[in-house]
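Q: I need the structure of the sequence given here:
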Amino acid sequence: MNDTKKVTLDALISAMRIFINVPKVEDLIQQDIEKLVSKTLLSKAENGARPPVDVLTDYLGSDTEDRLKIIIGFSGGSLERLKRVFDAIYPNKRWRRINSDEETRRRIAAFLIDPKNEKVFIPEFIRRSFYLPKDWIKLLQDKDYLQAVVRNAMQSKYAVDNGHAIERSIVSELQNIGIDCQKGPVELVNNKEVDVAIPRNCIPADSYYVFLFTYYVVIPE
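A: Prediction:
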């Protein structure tokens, strides 16, 4: 009979990896990146050597929010901050107006190209978040550059998707060895969302379980 040896805490820590390989998440996130790049790439036909404000106004006429996220990513701004700028320019108007009204898109496009030309008061600190590089039209036609911008914009989604995949894997392993577990709001912690909740009587006394989540709760018998 083989003796079961418990792992020491130091040995456990030394065996932990910084990164965990989740191939399915890697494949799906790359597919998402390629789809977004495909629908936000500016073709030379769309450019046509026209005035920049015309190019950007037309560019934002379809897939507006996705394309705004891309163009804003060139300067380090954010869509939420741009929505606050929109509220300052158009008090009491709905954001979705930008999808249907060309003049609204033109004014936002003009702001993005040169924020200092907007006459409505917008703090200089906010304006500086939206100055586009001078070669922004060329960058919108550069597939490799867009890949980098989109990948950077998807960092949060990548982290969340990885976390969910790892959580599903752990729940599956626990179920495979007969340990019941639940997830969701738990009364024990004021109904906060819990990734894995395990009744205490389901945990073998001679086993180790490690959970790297926001909350791990052992429910009393």
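Q: Could you work out the end-to-end span of stretch 32-51 for me?
A: Start-to-end span of stretch 32-51 (C-alpha to C-alpha, to the nearest Å) is 31 Å.
Q: what's in contact with that stretch?
A: The set of residues external to stretch 32-51 that reach it, using C-beta atoms under 8 Å, 6 or more residues apart in numbering, is 55, 58-59, 63, 66-67, 70, 137, 140-141, 143, 146-147, 150-151, 154, 157. Using the backbone N, CA and C atoms, a C-beta is placed for each residue, glycine as well.
Q: what about 7 Å?
A: For stretch 32-51, contacts defined as C-beta atoms under 7 Å, 6 or more residues apart in numbering pick out 55, 58-59, 63, 66-67, 70, 137, 140-141, 143, 146-147, 150-151, 154.
Q: Quick check on those residues: which are buried?
A: Taking 16 or more other C-beta atoms under 10 Å as the criterion, what is buried in the contacts of stretch 32-51 is 55, 58-59, 66-67, 70, 137, 140-141, 146, 150-151, 154.
Q: Please point out which parts of the longest helix along the chain sit buried.
A: Of all segments of type helix in the chain, defined using DSSP state H, the longest is helix 155-176. Within helix 155-176, the residues scored as buried using 16+ other C-beta under 10 Å are Tyr158, Asp161, Asn162, Gly163, Ala165, Ile166, Glu167, Ile170, Val171, Leu174.
Q: Show me what it packs onto, helices and strands only.
A: Packing partners of helix 155-176 (3 or more C-beta pairs under 7 Å, 6 or more residues apart in numbering; DSSP states H and E): helix 23-40, strand 192-199.
Q: Report the rounded mean pLDDT for the last one.
A: Per-residue pLDDT values across strand 192-199 average out to 69.
Q: Let me know how buried Pro51 is, in neighbour terms.
A: Pro51 has 9 neighbouring residues, counting by other C-beta atoms under 10 Å.
Q: before we move on, the earlier item: the longest helix of the chain versus helix 23-40: what angle between them?
A: Following axes from the mean of the first three to the mean of the last three C-alpha atoms, to 10 degrees, one obtains 150 degrees for the angle between helix 155-176 and helix 23-40.
Q: For stretch 68-83, report the contacting residues that lie outside it.
A: With C-beta under 7 Å, 6+ apart, stretch 68-83 has contacts from 40, 60, 65, 95, 112, 126, 129-133, 136, 139, 146, 149-150, 152-153.
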